[in-house]
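Undergrad: What follows is a predicted protein model with its sequence.
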Amino acid sequence: MKILDLINKVHARENLSYEESQYCMREIMSGNILPSQFGALMSAMALKEETPTELAGMASIMREYSLKIKSKENSIDVCGTGGSGLKWFNISTASAILVSSLGIPVAKHGNRAMSGNSGSADVLEELGVKIQIDPQKVEDCLHEIDLTFIFAQSFHPSMKFAAPLRREIGIRTIFNFLGPLTNPAGVKKQIIGTPNSIVAKKIAEAAKMLNSERIITISGESGADEIEIDNKTKFYDSKNQFKEEIINFTKGYDSKYLIVSSPKESAKKIVDSFNLKSATSDQELKSILHSILINSCIALYLNETNSDLDECYQIAEENIYNGKALKKLNQLIEITNK
């Protein structure tokens, strides 16, 4: 098996087998692939469109090469693939904090922005969280406060070759989809936001191959990898055999208020929302809060806290107003900076 043969195979729009996908990822992780070959492979796969088998094969090798932490029972992850181009604030990070404040352990796996304006690592750093800490401390955070951030750059040291090349390429690649499938805590329950329904189905199938216990993939109508506040969102749950469902939480909110140009702006939107003590009439703040709440209530649904989404929404909202979400953020800041 040779990498050039596999690049040519993908270029001819032929799909790779599970084993061939594993071989490609081993070459990438070991640094044996040339930058030009990496670019050719990533571009060809994106043009051909990646298959669930390719995703699962590559993810299995990324898992093999990554550092790991001991998970906590019933831990979940809430993340998106990125690559939507919408430049929204980091909703999944805000949701992870809020969900954790409800007693659900969250092992948030994330990175710096590759295509947007604010990755989870960027916004947490802006909030005061120390993101580059040793693996044992990352594990301790999860077990002590039910919340931790697993910085992809620290836990996937073999990505040191691919990471700078991903930034240089500047387009969505298979790595956008692999991140959510390679959580070093080995979580068995996840919500994964995707840019379209095709990707949502592929990631769902790949996760099933990788023995996930339960996974929900979502895809907004406008291409968001979050549940949208002014558009319908498609929803696929492994519990329902990934049957397509439609979520409609649009009640006069406007996604223009979710746009940010920097991690600093993203952090401000999160803090402003967490500081609310009651419902607000400010349209911008209402839209920001709503985006956090609707994405958080899906996590409660995933955890089987409640099967009624409206009730899940109310539970999440209460933990904003009673200050528990803000308290959880401050706990994470404190413990990571000790």
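TA: Okay, I see it. Computed from a predicted structure; not experimentally measured. Numbers count the residues shown, from 1 in each chain.

Undergrad: how's the protein carved up into domains?
TA: Here the domain parsing of the chain from automatic domain parsing is 3-65, 76-151+170-336.

Undergrad: so how far does the shortest one reach from one end to the other?
TA: Read it as domain 3-65. 19 Å (CA to CA, to the nearest Å).

Undergrad: Doesn't residue 224 belong to a strand?
TA: No - applying DSSP: H, G, I helix; E, B strand; the rest coil, one finds residue 224 to be coil, outside a strand.

Undergrad: Assess the claim that it and residue 88 are in contact.
TA: Yes - taking contacts as CB atoms under 8 Å, residue 224 lies within contact range of residue 88: 7.0 Å. (C-beta placed from N, C-alpha, C; glycine too.)

Undergrad: Can you tell me which of the domains of the chain is most buried?
TA: The highest average neighbour count among those, using mean count of other CB atoms under 10 Å, belongs to domain 76-151+170-336 at a mean of 20.

Undergrad: wait, which of the domains of the chain is closest to residue 161?
TA: For residue 161, the closest of those is domain 3-65, at 4.4 Å, according to CB to CB.

Undergrad: How far does the closest one sit from its chain's centre?
TA: Distance of domain 3-65 from the chain centroid (CA atoms, centre = their mean, to the nearest Å) equals 21 Å.

Undergrad: Which helix runs longest in the protein?
TA: Looking across the chain with DSSP state H, the single longest helix is helix 283-302.

Undergrad: What is that helix packed up against?
TA: Helices and strands touching helix 283-302, by 3 or more CB pairs under 8 Å, 6 or more residues apart in numbering; DSSP states H and E, are strand 76-80, helix 91-100, strand 189-194, strand 214-220, helix 263-274, helix 309-321.

Undergrad: what about 6 Å?
TA: Here helix 283-302 touches helix 91-100, strand 189-194, helix 263-274, helix 309-321, going by 3 or more CB pairs under 6 Å, 6 or more residues apart in numbering; DSSP states H and E.

Undergrad: To residue 26, which of those lies closest?
TA: In terms of CB to CB, the element of the helices and strands packed on helix 283-302 nearest to residue 26 is strand 189-194, at 24.2 Å.

Undergrad: For the closest one, which strands pair with it and how are they oriented?
TA: Strand 189-194 has its sheet partners listed here by DSSP bridges as strand 76-80 (parallel), strand 214-220 (parallel).

Undergrad: Dump the first one to CSV, keeping only the CA atoms.
TA: Spelled out, it's strand 76-80. In CSV, the C-alpha atoms belonging to strand 76-80 read as follows (Å, rounded to 0.1, in the frame of the first residue of the first chain):
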residue,chain,number,x,y,z
ILE,A,76,-21.1,13.7,27.3
ASP,A,77,-19.6,16.0,24.7
VAL,A,78,-21.3,18.9,22.9
CYS,A,79,-19.4,20.1,19.9
GLY,A,80,-19.7,21.1,16.2
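
Undergrad: list the contacts for the residue lying closest to residue 68 once chain neighbours are set aside?
TA: Once flanking residues are discounted, residue 68 sits nearest to residue 184: 4.9 Å by CB to CB, 6 or more residues apart in numbering. With contacts defined as CB atoms under 6 Å, 6 or more residues apart in numbering, residue 184 is in contact with 66, 67, 68, 69, 150, 155.

Undergrad: neighbour-wise, which of the residues you listed leads?
TA: residue 150 (30 neighbours; other CB atoms under 10 Å).

Undergrad: Give me the contacts around the host helix or strand of residue 55.
TA: According to DSSP states H and E, residue 55 maps onto helix 52-65. By CB under 6 Å, 6+ apart, the surrounding residues in contact with helix 52-65 are 16, 18, 21-22, 25-26, 29, 158, 177-178, 181-182, 202, 205-206, 209-210.

Undergrad: Pull the contacting residues for residue 80.
TA: 92, 193, 225.

Undergrad: Quick check, the first one in contact with residue 78.
TA: What that stands for is residue 92. Yes - when contacts are counted by CB atoms under 6 Å, residue 92 is listed as touching residue 78 (5.1 Å).

Undergrad: mind listing what's buried in the worst-scoring helix or strand of the chain on mean pLDDT?
TA: Scoring the helices and strands of the chain by mean pLDDT, DSSP states H and E places helix 162-169 at the bottom, with a mean of 84. Residues 162, 163, 165, 166, 169 are the ones in helix 162-169 that count as buried (16 or more other CB atoms under 10 Å).

Undergrad: Quick check: which ranges of the stretch 101-250 of the chain have low pLDDT?
TA: Scanning the stretch 101-250 of the chain for pLDDT under 70 picks out 114-117.

Undergrad: Which parts of it are strands?
TA: Using DSSP state E, counting those that start in this stretch, the strands of the stretch 101-250 of the chain run over 106-110, 147-151, 189-194, 214-220, 233-237, 244-247.

Undergrad: residues in contact with the closest residue to residue 185 other than its chain neighbours?
TA: Nearest residue to residue 185, sequence neighbours excluded (CB to CB, 6+ apart): residue 107, at 3.7 Å. Counting by CB under 6 Å, 6+ apart, residue 107 touches 75, 77, 142, 148, 185, 187.

Undergrad: ok, for the third one, nearest residue in space, not its chain neighbours?
TA: When you say that, I think you mean residue 142. residue 148 is the one closest to residue 142 (CB to CB, 6+ apart), at 4.0 Å.
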